[in-house]
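A.B. asks: let's see this in three dimensions:
(2 chains)
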Amino acid sequence: GQNIDQPTEMTATEGAIVQINCTYQTSGFNGLFWYQQHAGEAPTFLSYNVLDGLEEKGRFSSFLSRSKGYSYLLLKELQMKDSASYLCAVRNYGGSQGNLIFGKGTKLSVKP
Amino acid sequence: DAGVIQSPRHEVTEMGQEVTLRCKPISGHNSLFWYRQTMMRGLELLIYFNNNVPIDDSGMPEDRFSAKMPNASFSTLKIQPSEPRDSAVYFCASSLPAPTSLDTQYFGPGTRLTVL
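C.D. replies: Sure thing, here's the model as predicted:
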């Protein structure tokens, strides 16, 4: 089967660093995506990992370990506007090429 | 550049009525996805088109749901008859073809459907 797990909610303080974890079990893994979704809005692309290691993009970084079925999204120098849900999604090549399987998202609240 | 366009943005209807949701993908994108998002189930893929051809409709909940893509710039998702449990936000997304790092999916603003 396919399963993606991430914490439901997290709280952090403005200016701090937060790490959002994602574990997955899928067949035919071929890439992991992180999306940000503000309340009432559409998901927007943040990062993509297909090889093991860390991808850095400004204040956001994403890490992947394929052998462990594990990824994390690291947000540095948190700002109030980072309060949103963060969705982990895995692309597989089981029966369908290109489609993503999404986790239920982690709702991050940034406090002053 | 215009992003993915969806209409209507909000739809309120009564049980039993037909509902049609519309999507215009980003120009040049040849993959199109329909998703449904609820608090309980999160974001679920309903159906996926590549070059206007349905590739995977295994996520379509039942025969009441149907989707078409008559050309590269337009797709519809129809629910007939609608039921209260269909209430959700329906997103359309488009992308360039996999498998490249360019196949990031870009989401439209969504249609919030309420079935009374």
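A.B. asks: A:Lys81 falls within a helix, correct?
C.D. replies: Yes. Under DSSP: H, G, I helix; E, B strand; the rest coil, A:Lys81 falls within a helix.
A.B. asks: what's the burial count for it?
C.D. replies: 8 (other C-beta atoms under 10 Å in any protein chain shown). C-beta: built from backbone N, CA, C; applies to glycine.
A.B. asks: now do the contacts for it.
C.D. replies: Contacts for A:Lys81 were tallied using C-beta atoms under 8 Å, 6 or more residues apart in numbering or on different chains; there are none.
A.B. asks: kindly report the residues of chain B close to chain A.
C.D. replies: Residues of chain B lying close to chain A by C-beta under 8 Å from any C-beta of the partner chain are B:31, B:33, B:41-45, B:48, B:50, B:55-56, B:58, B:91, B:95, B:97-99, B:101, B:103-110.
A.B. asks: check which helix or strand the residue nearest the centre of chain B maps to.
C.D. replies: Centroid-nearest residue in chain B, with C-alpha atoms, centre = their mean: B:Trp34, separated by 2.8 Å. For B:Trp34, the host element (DSSP states H and E) is strand B:31-38.
A.B. asks: residues near the closest residue to A:Lys68 other than its chain neighbours, how many?
C.D. replies: Spatial nearest neighbour of A:Lys68, excluding adjacent residues (C-beta to C-beta, 6 or more residues apart in numbering or on different chains): A:Thr23 at 7.9 Å. As a burial measure, A:Thr23 scores 16 neighbours (other C-beta under 10 Å).
A.B. asks: how about B:Pro61?
C.D. replies: The local packing of B:Pro61 (other C-beta under 10 Å) involves 13 other residues.
A.B. asks: low-confidence stretches in chain A?
C.D. replies: A:1, A:93-98 (pLDDT under 70).
A.B. asks: which residue ranges form the strands in it?
C.D. replies: A:3-5, A:9-13, A:18-25, A:29-37, A:44-49, A:53-57, A:60-65, A:70-75, A:84-92, A:100-102, A:106-111 (DSSP state E).
A.B. asks: what helices and strands are in contact with the first one?
C.D. replies: Under the contact definition 3 or more C-beta pairs under 8 Å, 6 or more residues apart in numbering or on different chains; DSSP states H and E, strand A:3-5 sits against strand A:18-25, strand A:84-92.
A.B. asks: select, out of these, the one closest to A:Ile4.
C.D. replies: strand A:18-25 (4.7 Å; C-beta to C-beta).
A.B. asks: distance from the closest one to the middle of the chain?
C.D. replies: 7 Å (C-alpha atoms, centre = their mean, to the nearest Å).
A.B. asks: what does that strand contact?
C.D. replies: Strand A:18-25 is contacted from outside by A:1-7, A:10, A:12, A:32, A:34, A:68-75, A:78, A:86, A:88, A:90, A:103, A:106, A:108, using C-beta under 8 Å, 6+ apart.
A.B. asks: now the angle from it to strand A:9-13?
C.D. replies: When axes from the mean of the first three to the mean of the last three C-alpha atoms, to 10 degrees is applied, the directions of strand A:18-25 and strand A:9-13 differ by 160 degrees.
A.B. asks: buried residues in the helix-or-strand element of chain B with minimal mean pLDDT?
C.D. replies: In chain B, no helix or strand scores lower on mean pLDDT, DSSP states H and E than strand B:53-56, which sits at a mean of 88. For strand B:53-56, a neighbour-count test (16 or more other C-beta atoms under 10 Å in any protein chain shown) marks B:Ile55, B:Asp56 as buried.
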